[in-house]
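Asks: fold the following, please.
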Amino acid sequence: MSERPLPAPTVRVRVPAKVNLFLAVRGPRPDGMHDIVSVMHTIGIHDVVSVRFEGPRVACYHPAARRMLDVTIEHDAGIDVPRDASNLAVRAARALADALVRRGPATDDHDRVRAEPGAPVTRIELAKRIPVGAGMAGGSADAAATLVALNELWDAQLSRAEMRSVAAEVGADVPFCVGGGTALATGTGTATAQVLCRSALHWAVGISDQPLSTAEVYRMWDRVAAPSAVEPDAVLQALRAQDTEALGAALHNDLEQAAFRLRPQLRDAKESLLDAGALGAVMSGSGPTVLGVAGDPQHARRLAAAVAHRFDRVEVARSPAGGPEIISGS
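Replies: Residues are numbered from 1 along each chain as shown. Alright, predicted model coming up:
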């Protein structure tokens, strides 16, 4: 049997953050999760995930022959990032390995897929710019990038649709992050349909170094809020029509009510963006990130300067930002 060339020893993938242009909570489910309707949207604040082999490289494509996982974290995220199985990137790598084991080896030589002593280690490195615990799906984005990177490194040859199926086992936002762009999400967020976004949008993104727990925000929502019947039609129409002013007026997040109870200063931070001239402002996900939409890049920079004192960091970003992108494979 002829051998294919070995995969590249290092693969780097750049992945954007996610924001919610619309988020309505329909109510709790029997399993403790919540049904939502959300318009998810990638934005140009990126992490870079790098994966590589360490140790001897063998002509074997099945991750059953890869001892996993040693994670090295480099980050600019304000807080520590976990290095164990609570890190979604690690969880994604294990989910991909499990999926490929279920699918079967990529060659007919079953002896070559045994995890033998001395088999190469797969190392994952995260260079983080997306803030942690900020409602921007930083962990989910890293998980999605890990799937794309390991699919290349391991020569697993999964399609994006197959990777989204694996992603659904990892976390609610991960399937969206595999594809990126703009999507309407329903259920727990794993069911997504792509949405047309015709033009570039410009944002001032206010970031806090003090994360908010998604679980804590939802627990507060259960206490103080009721299921929402608000629909995303106005946001979707504004995106189709390239109407930034209409989009600003339609931005909506049901979780603001709960997050503002937990952290009242977020309400003031959102108001500061509006007072500075944002066309609209909204908290992303479960917070605490708050973003204001601008008419153009110069407007976004003026907004960022005006509200810099309200946040630990303010980024100027463009959207939509696509999905995970392989930026090097050697």
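Asks: tell me which residue is most central in this structure.
Replies: residue 141 (3.0 Å; CA atoms, centre = their mean).
Asks: what distance separates the start and the end of stretch 308-320?
Replies: 23 Å (CA to CA, to the nearest Å).
Asks: now swap in stretch 149-158 and tell me
Replies: 11 Å.
Asks: start at 38, not 1
Replies: Done: numbering now begins at 38, and the last item shifts to stretch 186-195.
Asks: what mean pLDDT does the helix or strand harbouring the residue nearest to the centre of the chain have?
Replies: If you go by DSSP states H and E, residue 178 is part of helix 175-190. The pLDDT scores in helix 175-190 average 95.
Asks: helix or strand right after it?
Replies: Defined by DSSP H and E, the subsequent element after helix 175-190 is helix 197-204.
Asks: what is the next helix or strand after that following helix packed up against?
Replies: Next along the chain after helix 197-204, taking DSSP H and E as the criterion, comes helix 211-216. Packing partners of helix 211-216 (3 or more CB pairs under 8 Å, 6 or more residues apart in numbering; DSSP states H and E): strand 47-65, helix 175-190, helix 197-204, strand 228-231. From N, CA and C alone the C-beta is placed, and that goes for glycine too.
Asks: give me the helices and strands touching the second one, please.
Replies: For helix 175-190, the elements it packs on are strand 47-65, strand 71-91, helix 125-140, strand 158-165, helix 197-204, helix 211-216, strand 362-365, judged by 3+ CB pairs under 8 Å, 6+ apart.
Asks: then the longest one?
Replies: Counting contacts by 3+ CB pairs under 8 Å, 6+ apart, strand 47-65 packs against strand 71-91, helix 175-190, helix 211-216, helix 270-278, helix 281-287, strand 289-290, strand 362-365.
Asks: which one, of the ones you listed, ends up nearest to residue 328?
Replies: strand 71-91 (7.8 Å; CB to CB).
Asks: partner strands of the closest one, with direction?
Replies: strand 47-65 (antiparallel), strand 158-165 (antiparallel), strand 219-224 (antiparallel) (DSSP bridges).
Asks: got the buried residues for the longest one?
Replies: What it means is strand 47-65. 47-63 (16 or more other CB atoms under 10 Å).
Asks: residue 264: neighbour count?
Replies: 13 (other CB atoms under 10 Å).
Asks: same check on residue 202?
Replies: Residues near residue 202, counting by other CB under 10 Å: 16.
Asks: and it, what is it in contact with?
Replies: 136, 212 (CB atoms under 8 Å, 6 or more residues apart in numbering).
Asks: hmm, try it at 10 Å
Replies: Residues in contact with residue 202 (CB atoms under 10 Å, 6 or more residues apart in numbering) are 132, 136, 195-196, 212, 215, 227.
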